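*Asks:* Model the following, please.
(chains A, B and C, ligands or ions: 6)
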Amino acid sequence: MVQTSPRALPALYRSTIGKKAIMAVTGALMILFLVVHMVGNLKAFYGPAEIDEYAAWLRRIGAPALHYEWFLWIQRVGLLVVIGLHMLMAFQLTRRAKRARPTRYRHRPKVQGSYAARTMRWGGVIIVLFVIYHILDLTTGTVHPDYRDGEVYNNLVNDFAPERWYVTLFYALAVIAVGFHVRHGLTSAVQSLGIKSPQRARTLNLAATAFSVLLVAGYLSVPFAVTVGLVD
Amino acid sequence: MKITLRVWRQKGPEDAGKMVEYQLDDVSPDMSFLEMLDVLNERLIAEGEEPIAFDHDCREGICGMCSLVINGVPHGPERATTTCQLHMRKFKDGDVIDVEPWRAQAFPVIKDLVVDRSAFDKIIQAGGYISAPTGSAPDAHSIPVPKPAADAAFEAAECIGCGACVAACPNGSAMLFTAAKVTHLGLLPQGQPERYDRVVKMVQAHDEAGFGGCTVTGECTVACPKGIPLETITRLNRDYLAATAAGKKKS
Amino acid sequence: MTDSFYTLGDPIADTKAPKGPIEERWSRRKFEMKLVNPANKRKKTIIVVGTGLAGGSAGATLGELGYKVIQFCFQDSPRRAHSIAAQGGINAAKNYRNDGDSVFRLFYDTVKGGDFRARESNVHRLAEISTQIIDQCVAQGVPFAREYGGLLDNRSFGGAQVSRTFYARGQTGQQLLLGAYQALMRQVDAGNVELHPRHEMLDLVVADGRARGVVVRNLVTGEIKTYTADAVVLATGGYGNVFYLSTNAMGSNATAIWRAHKRGALFGNPCFTQIHPTCIPVSGDHQSKLTLMSESLRNDGRVWVPVKAGDTRNPNDIPEDERDYYLERMYPAFGNLVPRDIASRAAKKVCDEGRGVGPGGRGVYLDFADAIKRLGIDAVKAKYGNLFDMYERITGENPYEVPMRIYPAVHYTMGGLWVDYDLESTIPGLFVIGEANFSDHGANRLGASALMQGLADGYFVLPNTIGNYLANNNKLGEVPAEVIAEAEAGVKAQIERLLSIDGDRTVDSFHRELGHIMWEYCGMERTDEGLRKALTLIPALREEFWQRVKVPGSADDLNQSLEKAGRVADFLELAELMVIDALHRTESCGGHFRAESQDADGEAKRDDANFSYVAAWEWAGEGKPPILHKEHLEFEYVKPSQRSYK
Ligand SMILES: Cc1cc2nc3c(=O)[nH]c(=O)nc-3n(C[C@H](O)[C@H](O)[C@H](O)COP(=O)(O)OP(=O)(O)OC[C@H]3O[C@@H](n4cnc5c(N)ncnc54)[C@H](O)[C@@H]3O)c2cc1C
Ligand code: HEM
Ligand code: HEM
Ligand code: SF4
Ligand code: F3S
Ligand code: FES
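*Replies:* Ligands and ions are numbered 1, 2, ... in the order given. Have a look, this model is predicted:
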């Protein structure tokens, strides 16, 4: 089916639309990761055994063909490439935009477009900063008060303990930022890939909002449950 | 009505330019915005100053020549209305109004409020047409066009090429303008043979002219005096990706 | 009957229109023509001034044929030519409705509508070509209105009894122009057309008696430059702005054709102007232009004024028996749908009686109350919604609740440079197309016929006839440097003069005053006395202009006052010729109504015995009375009759 002409792809990559399409595809992969990750997190409600086993299983995927943690590393590298591409495209498009619109209006109007659309760039940066902290926190344990390898349940409960409410708050804010980013990102990606049809514009917006709310709720449920003592 | 105007004055492309304040004491609500500027200009000439340069021609909202950013909004506060069709009754006595030119790298300021929009012509030149040499056309009824397609094509074809979309877009993107033409021609059976080729060439011209990329901010369509919908951009993206990623040549 | 205000020259002997059966003339003429061989076309340069329907279509077609085209317009893009503003539609004798239309009927309607002051051969050719235009535009992707079956829709327009008007909502001109513009841009991309927007033509270069180039001013840098070519085409539109207020764009001007006139091109029927009855009335002194409301409104709206003079009551408080539906009363057969000139004059008449409404008393009601009652508000909205919105935007009144106010306004100029059957002016090598020439519409243009003419000229007629000229003038040689120097010097001298007067009146104030004079004395109704008065007022105003005008700024950059000043200077001369033309034509015909020539009912009375000719005026020099050349008109196919709409 694909009969790509030789010069089409470089042209695609160079064009603003191509770059946007790359963002959309990488964004979609990251959303896929977020969904799987959320599902994993929710296992915390079923107690230590289940979630710890899940973490262990993650590391065994592909066995015996794959060695211990190989899959995880493949996934990590994949994710890194994805996020790198996503950020590179975001950076290039932003630089282009700055060059295309070098002068500001003296009179700054109230924002007319959607709020989420205007916060994509800063939102993305905040998310990356959060992820770095988050990995140091729950993957490597570097900034964790009581990190124990393989004991995910324990790590969570200690992390979001009531007296550490500020950590919970920080996570909450970050997750909400993710929600905003995903909400606009979804509609935007659908449009960037040319999937949206005029009749479904409203439906799409609603669906994206609903999805993001569910995502945010799913993520927040775990830290909050720990903080208020539902999970301990 | 009393109105205070703060207008961008810039002698030429190289001049730095600045906002200059003017006081008008006798503005009639029946005046159009441009007629108010006419009155101010008459006064400036009488006082020996150079009048404010601004683009305009038809003054009926169709030629797309008028182009003022009024209080930060291209074409001013009234929705779906060009600057020339905006009337002073939309403002209040005592209002302070800021008037600036379209801002975009691809639209350099020539003087005061006048900018150079020839980049739009370049985009059309690249492929915004159907090749139909004069005299070679078959009878108009030889290809029926479904009414919904004809109507949708018409709505996209309504674009007046004013550039307000670019002026409004935080990325300085001309995607709405480009998409309007791609949609107009891409919806008609006559436009099919060149459909994919056209979109690739037009997007390339768009990027080369120095416009930014579209990140679906949606401000363009709000500022557009003809209400060209955002979906045209979706359509453009679809055709573009089909042509490049999937190598589609014919529909 | 030569009067002192003009002198009589030789009649025009030959229009190049072939003889024989009228339906064969155009093919005959095309066959007679010499052709330029394709390899030579590339060596031929043609200048086209103007990018409206006429210029745009001509530039695109000539480029496609292989000529090298250099094209100019004063706006920032060719797409902004004033053709873009045409609303109603374009005629074509397709007979898709099976309602008895034919090329001959369109020809007949146009000759009759023009009150028998147009050349039959030209009009027939126009009607023949009309069908091809629609095919061409559809192929280009012009989104004409369609029916559910996918075929093109038609509407009826301006007095015609058949439905032959093709349209694209209320934006037909826009869509047709964009079609031509896109075709033109394709040729620019192909390198066949060299485009110069924001350039204004300020003089014609004539060498060895032939049009060989133009002097233009780059409106951004102020640079004066001459471009030379093998032939020059003017497609610069109408000169309605001589009246200051009109439905034309602010920049519409007569400069190109006027300077060509002064270089020797005859000016045909300058006084024939069309006044459109349904425009939004003037609201104050600040008014800069008048906006047309589509004529289609008269299909459902009822026109009236109060019976009593000076009745300032709210229109909704005026009872039925105190309203005068004057069109229905005076013209029971056609009622509100009488042709433009008649509706316009009737409105003027009731306002002159003091019965006009609105500020200044210059307006009549166009009332939709009955239509809303009959059809329901939604149906009225569906039909006229965009027009009602536009009206509300401009006037601030809601026409669903209060009757609209309308008044006639200058709309179209039937006059223009005189051209023969080949669209060539009396300067060899100078071709004139579109509204800029005088052809085809006689003394009154039918609705939806200007777009047809512009495209017929540009796509189909000119590309043929100009080839013949080029083939016959194969060795034109270089344009002598001193000819170019002379033309440029003249242009520069005028610019310097305008800038150096440094008087105390703005250009606009002169333009406004000229407009008042023209509207008052050379507008809807013209009298011997009024025209003679205008003939003293205009030269005096011109004199004053050259003493007192103030043009700030310099010649070396964008200077909109300077642009305007040059245009108004030309209007001040053209206006005088219009008045002379109106004064010499003591008959009434079409848009030209002489109060002295009316029948007992106040209807226009034509005088075929004395005036069955085109008045083609020659410039005799500064301060000298112009010279009248008559092109006698023969009517072999449509016998002149008196129009009646009673
Ligand atoms: C409001 C309105 C509605 C109308 N509706 C209809 C309708 O429904 N149907 C219909 O058939 N007709 C209609 N007409 C009439 C019709 O639109 C015009 O007669 C026609 O479009 C004129 O086309 P054109 O190409 O001759 O000139 P224009 O479109 O006026 O183009 C003139 C061109 O010449 C250029 N130019 C002028 N002077 C110079 C110069 N000195 N130097 C360089 N360039 C110059 C301009 O830049 C422009 O490109 C309408 C007219 C108006 C005003
Ligand atoms: C607030 C709710 C969240 C909780 C409770 C949570 C919990 C965890 C835990 C426990 C781990 C370690 C898993 C393991 O080592 O097996 C982890 C890893 C990770 N999380 Fe989260 N997370 C949350 C939100 C997020 C968000 C919003 C993102 C992204 C935007 C994210 C991105 C990651 C990444 C990239 C890893 C590293 C995966 C790897 O090891 O390759 N997390 N998270
Ligand atoms: C969990 C991590 C992330 C996810 C799930 C995600 C998702 C998405 C998606 C789906 C889009 C829409 C693409 C399109 O419009 O076609 C998008 C756009 C964008 N993302 Fe991300 N992104 C993430 C991280 C980031 C990061 C780290 C950055 C920043 C450096 C970033 C910056 C942007 C920008 C600038 C856009 C485009 C703006 C716009 O479309 O309006 N994103 N993102
Ligand atoms: S899309 Fe709208 S805003 Fe942009 S140029 Fe066209 S009419 Fe103007
Ligand atoms: S505002 Fe700009 S970002 Fe896209 S949706 Fe419109 S072009
Ligand atoms: S002046 Fe023509 S659209 Fe405003």
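
*Asks:* Quick check: most distant residue from the centroid of chain A.
*Replies:* When each C-alpha in chain A is compared with the mean C-alpha position (CA atoms, centre = their mean), A:Arg106 comes out farthest, at 35.6 Å.

*Asks:* shouldn't that residue be in contact with B:Arg103?
*Replies:* No - using CB atoms under 8 Å, A:Arg106 makes no contact with B:Arg103, being 9.9 Å away. Glycine gets a C-beta too; all of them are placed from N, C-alpha and C.

*Asks:* re earlier: pretty sure the residue farthest from the centre of chain A sits in a helix.
*Replies:* No - the assignment for A:Arg106, made by DSSP: H, G, I helix; E, B strand; the rest coil, is coil rather than a helix.

*Asks:* Tell me the pLDDT of it.
*Replies:* In the prediction, the pLDDT value recorded for A:Arg106 is 93.

*Asks:* How about A:Gln3?
*Replies:* Here the pLDDT value assigned to A:Gln3 is 42.

*Asks:* how many neighbours does C:Asp317 have?
*Replies:* Using other CB atoms under 10 Å in any protein chain shown, C:Asp317 has 8 neighbouring residues.

*Asks:* List the contacts of C:Phe5.
*Replies:* Taking CB atoms under 8 Å, 6 or more residues apart in numbering or on different chains as the criterion, C:Phe5 is in contact with C:535, C:580, C:583-584, C:625.

*Asks:* What is the neighbour count of residue 136?
*Replies:* Here I'm looking at chain A. Applying other CB under 10 Å, I find that A:Leu136 has 14 neighbouring residues.

*Asks:* my question was about chain B
*Replies:* B:Ser136 is surrounded by 11 other residues when neighbours are defined as other CB under 10 Å.

*Asks:* Was I right to think it contacts C:Gln132?
*Replies:* No - with contacts defined as CB under 8 Å, B:Ser136 does not count as touching C:Gln132, sitting 10.5 Å away.

*Asks:* got the contact list for stretch C:372-383?
*Replies:* Defining contact as CB under 8 Å, 6+ apart, one finds that stretch C:372-383 is touched by C:300, C:368, C:371, C:388, C:400.

*Asks:* Who are the contact partners of the residue farthest from the centre of chain A?
*Replies:* Contacts were defined as CB under 8 Å, 6+ apart; by that measure A:Arg106 touches B:6, B:8, B:19, B:98, B:100.

*Asks:* What of C:Tyr331?
*Replies:* Taking CB under 8 Å, 6+ apart as the test, what C:Tyr331 contacts is C:338, C:342, C:645-646.

*Asks:* Let's see that with 6 Å instead.
*Replies:* Taking CB atoms under 6 Å, 6 or more residues apart in numbering or on different chains as the criterion, C:Tyr331 is in contact with C:338, C:645-646.

*Asks:* okay, now the closest residue to C:Leu219 other than its chain neighbours: neighbour count?
*Replies:* Spatial nearest neighbour of C:Leu219, excluding adjacent residues (CB to CB, 6 or more residues apart in numbering or on different chains): C:Arg198 at 4.4 Å. Around C:Arg198 there are 21 other residues, counting by other CB under 10 Å.
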